[in-house]
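J.: need coordinates for the below:
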Amino acid sequence: MVLRRMHLVALREAALETFVDRVVEHVAGAFPAAYREHERLGVRALVERAVVCAEEAGIASEAGICGYVEAWFRHGIAFDRADPELQRRLRDSELTEDEKLAALEAAGRGVRA
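T.: Alright, predicted model coming up:
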């Protein structure tokens, strides 16, 4: 059996959709106030946007992406996007996911890492 690119894309999209569903459910339970606040705007769309931003930062594991999403719901949606120094750190290929997530959390708490 040969999988063509279109098959791989379809498999990735299906897996991503399932993952986003699980993250949305997690956000609803872990951050109920933020969930209700953003429900009108579309929590799913916000999670999908955070997934893209996490992947741009080189954060690709499920746990890492979930941590990135949680930071947005804990500290403010897209709070990291306006901080050029944080963006530089998030895109630093020499940093691990854990180091990037620590920098994200520190920035969310207003601490300069």
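J.: looking at this protein, which helix is longest?
T.: Longest helix in the chain, counting residues (DSSP state H): helix 5-30.
J.: name the helices or strands packed onto that one?
T.: Applying 3 or more C-beta pairs under 8 Å, 6 or more residues apart in numbering; DSSP states H and E, one finds that helix 5-30 contacts helix 32-39, helix 43-56, helix 62-75. All C-beta spots, glycine's among them, are computed from the backbone N, C-alpha and C.
J.: what's the least confident stretch among those?
T.: The stretch with the lowest mean pLDDT among these is helix 32-39, at a mean of 85.
J.: residues making contact with it?
T.: Contact partners of helix 32-39, identified using C-beta atoms under 8 Å, 6 or more residues apart in numbering, comprise Val27, Ala28, Val43, Leu46, Phe73, Arg74, Ile77.
J.: got the phi and psi for the last one?
T.: In this case it means Ile77. When read as degrees, to the nearest 10, the backbone of Ile77 gives phi -60, psi 130.
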